[in-house]
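Novice: Test case, fold it:
(4 chains)
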2 protein chains.
Amino acid sequence: MITWGMIGNMSQVTRRRTGPSKGDLREAAILEAARALFTERPYESITIDDLAGGAGISRTSFYFYFPTKTAVLTALMARVGDELAASHVWFDAEGPAAGLLREQLAASARLWRDNAGILSCAASAMATSPELREFVGRVRTRYDERAAEKIRRDQAAGTATTAIAAHRLAEMISAIRDARYEQLAGASDDELREAVDDLTEAISRLVYGRA
Amino acid sequence: MITWGMIGNMSQVTRRRTGPSKGDLREAAILEAARALFTERPYESITIDDLAGGAGISRTSFYFYFPTKTAVLTALMARVGDELAASHVWFDAEGPAAGLLREQLAASARLWRDNAGILSCAASAMATSPELREFVGRVRTRYDERAAEKIRRDQAAGTATTAIAAHRLAEMISAIRDARYEQLAGASDDELREAVDDLTEAISRLVYGRA
DNA sequence: ACAAAAATCGACACCGCGTCGATAGTGTAG
DNA sequence: CTACACTATCGACGCGGTGTCGATTTTTGT
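Specialist: Just a heads-up that it's a prediction; the model follows:
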């Protein structure tokens, strides 16, 4: 929670930690209530009143912490986005590197499954919220660009085929990944592995022409 | 427009055609107003009042023809779905048949571009409307099943590779197709052709391992 | 011309959103 | 320790869109 008071104290570097303020706790409570609600009910059916109630405050108080319902969702999504950015081992490799590709996919698949509720809510909310749409778009673009770079390197090296432009291939990868992950809501570890296998194979074929 | 009067007259096979009733015309007017509005404004911003106004009736009268806004959109989508079902030349072919695949993709790409407004509205509305979600799901499943059958035949014949299950390949095809088509809103014929080329190549690689 | 069915609309209640202003709590500088 | 600024809470209000009801008018077939 950012307040004007803090700005006044910016210069005073070493000041007694007072622990999280009451407001910080409330904010966390809202986030937690939202995580719970978003994972067990369709996004549209959740009202700001539900969020506030879940955090133990009145509806109007909610607005003190977040301007909209989607702002809460965006905050939740930001965490997921950060975690996602951590598992990009394949992008730094050279050539097909099927093992690393599989590893990277496995990590993101797990992340997706564990946050399925939030992610599917985000998919719903993007229809209504330009804010969220832009946020997700940025994350996605950043991912696609790293993928495109990797592919471009391999195309230059002659390992990847060149009939399709690198950035188009990157988009296709995102498309099949997202489509498959969307079905991963309550999936078992076996189903997870199947998805990863299929995607590893498919991406290898798309980019290198052979698995 | 189906009325109780018609049901009473079912047996009377040869009866004077009276032409479309007033109600039929209104219904058509609503559909037309909807098509216009859906193609020029974001779905969420369009109100039932807009639809009614566009058709020259009051908001309450709208409910005489359609129960909800999404029902109108579903009706519009049904037409597009029918047109789509017509262009499945590749599904009946044997082996890669890149020419027919390209032909089929070109037809659907054109259809998509010409109905971009409606289709992107549908994408938005699926978040809120289970009815529309189910409708689109059925169309999509039917398409995927035909694709899967075609692939299964080619797998049996040995032309298609078998590392990925046929229905999974079909899903992937739908995913990359939809993702690419979504960018086709105001596209030129050249851009259309590029998209078709990329998709032909990608699908060939996914299913047969080589272009 | 007449009755039945089709079609229209105003009035009403509902729900969720967002704002405003009044008020109670909290920490900190003088 | 007190006074002041900032933090936090909430009730009351108005808005806009939805959907229903019942009364009324228009169309339609015979």
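Novice: CA only for contacts and neighbour counts going forward, please
Specialist: Will do.
Novice: Domain boundaries for chain A, per the record?
Specialist: Listed by automatic domain parsing, the domain ranges of chain A are A:17-66, A:71-208.
Novice: quick check, the longest one touching DNA strand C?
Specialist: No: using Cα under 7 Å from any atom of the strand, we find that domain A:71-208 stays clear of DNA strand C, coming within 9.7 Å at best.
Novice: quick one: contacts for A:Ala34?
Specialist: A:51, A:54, A:72-73 (Cα atoms under 8 Å, 6 or more residues apart in numbering or on different chains).
Novice: what's the farthest-apart pair in the residues you listed?
Specialist: A:Gly54 and A:Leu73 (14.9 Å; Cα to Cα).
Novice: Among those two, which residue is more densely surrounded?
Specialist: The neighbour comparison of A:Gly54 against A:Leu73 (other Cα atoms under 10 Å in any protein chain shown) goes to A:Leu73, with 21 against 18.
Novice: just checking, the more buried one touches A:Ala122?
Specialist: Yes: counting by Cα atoms under 8 Å, a contact exists between A:Leu73 and A:Ala122, whose distance comes to 7.0 Å.
Novice: what about the residue sitting nearest the centre point of chain A, which helix or strand?
Specialist: In chain A, the residue lying closest to the centroid (Cα atoms, centre = their mean) is A:Gly81, at 3.6 Å. Element membership of A:Gly81, judged by DSSP states H and E, is helix A:69-85.
Novice: which residues touch that helix?
Specialist: With contact meaning Cα under 8 Å, 6+ apart, helix A:69-85 is reached by A:31, A:34-35, A:47-48, A:66, A:108, A:111, A:115, A:118-119, A:122, A:125, A:129, A:131-132, A:135, A:139.
Novice: same deal with stretch A:46-62?
Specialist: A:26, A:29-30, A:32-34, A:37-38, A:68-69.
Novice: Of these, keep whichever come out buried.
Specialist: A:26, A:29-30, A:32-34, A:37-38, A:69 (16 or more other Cα atoms under 10 Å in any protein chain shown).
Novice: Keep only those residues that also lie close to DNA strand C.
Specialist: A:Lys69.
Novice: Max pairwise distance over the buried ones among the contacts of stretch A:46-62: which two?
Specialist: A:Arg26 and A:Phe38 (17.8 Å).
Novice: how close does the nearest residue to A:Ala97 once chain neighbours are set aside sit to A:Ala166?
Specialist: The shortest distance from A:Ala97 to any non-neighbouring residue, by Cα to Cα, 6 or more residues apart in numbering or on different chains, is to A:Trp90 (7.1 Å). Per Cα to Cα, to the nearest Å, A:Trp90 is found 15 Å from A:Ala166.
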